[in-house]
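Visitor: Got a predicted structure here, sequence first:
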Amino acid sequence: MKPRRRHSGFTLIEVLVTFVIIAIGLLGLGALQVNTMNNSFDTHQRALVASMVEDMTARIRMNASAARAGDYFTGRPDSTDCAEMMGAQRDLCEWYAQIDGSSASMPSTDVSGAEGQRNIGAPLGARGCIVPLSSSGSGELWVRVSVAWVGITPQSQAAASCGADDMGDEAYRRVVFRDVAVR
């Protein structure tokens, strides 16, 4: 009988199992990276929208007489040249320009080669809403300023109605709003 030789080193099966374990770990890290990037993008958009909402609430507070007169509830102005407007119409024009991203743009070329401007400062599919909530006998008016946009991951349904049924699947609609008292 021949003596058995002891083998040292790894067998092919052991090497393949190690590769499979490493591949599963790397796929998990890749998924974690994608999830982190999506959450970071959503957070950036939420911060951008929050600043837009705060900007308009400050404008409404500073022009309380126009808010009580209903000047902020007229919707989007017809013109996009804000410089020629005054009061609430100018506030609305500048606010909608922020929402559309036209306050930050860059030169671009489309597929056909035509040159133009591309808006880069807006959340995805953003919509702005300003609605009166209630008024009191003392002349105080409550106004809700909100901006809705399309997120990139699903979440629970947004509480505010801004942009509802306007953005496709409701699970992707995000809304930031602020109620402001106008005195």
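Guide: All right, it came through fine.
Visitor: How about the secondary structure of residue 176?
Guide: strand (DSSP: H, G, I helix; E, B strand; the rest coil).
Visitor: Just the CA atoms of whichever strand or helix holds residue 67, as CSV, please.
Guide: Using DSSP states H and E, residue 67 sits in helix 64-68. This file holds the C-alpha atoms of helix 64-68, laid out as CSV (Å, rounded to 0.1, in the frame of the first residue of the first chain):
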residue,chain,number,x,y,z
ALA,A,64,-49.2,91.3,3.8
SER,A,65,-51.6,93.7,2.3
ALA,A,66,-51.2,92.0,-1.1
ALA,A,67,-51.7,88.6,0.5
ARG,A,68,-54.9,89.8,2.2
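Visitor: now whatever helix or strand comes next after it: how far from the chain's centre is it?
Guide: Reading on from helix 64-68 to the C-terminus, the next helix or strand found by DSSP H and E is helix 87-100. The chain centroid and the centroid of helix 87-100 are separated by 18 Å, computed with CA atoms, centre = their mean, to the nearest Å.
Visitor: coming back round to it: what does the helix holding residue 67 contact?
Guide: With contacts defined as CB atoms under 8 Å, 6 or more residues apart in numbering, helix 64-68 is touched by 60, 72, 87-88, 139, 141, 143, 182-183. Where C-beta positions appear, they are placed from N, C-alpha and C, glycine not excepted.
Visitor: ditto for stretch 21-34
Guide: By CB under 8 Å, 6+ apart, stretch 21-34 touches no other residue.
Visitor: what's the answer for stretch 158-166, then?
Guide: In contact with stretch 158-166 (CB under 8 Å, 6+ apart) are residues 127-129, 144, 146-149, 170, 173-175, 177.
Visitor: Where neighbours are concerned, which of the residues you listed has the most?
Guide: When neighbours are counted by other CB atoms under 10 Å, residue 147 leads those with 31 neighbours.
Visitor: How about the secondary structure of that residue?
Guide: Strictly by three-state DSSP, residue 147 counts as strand.
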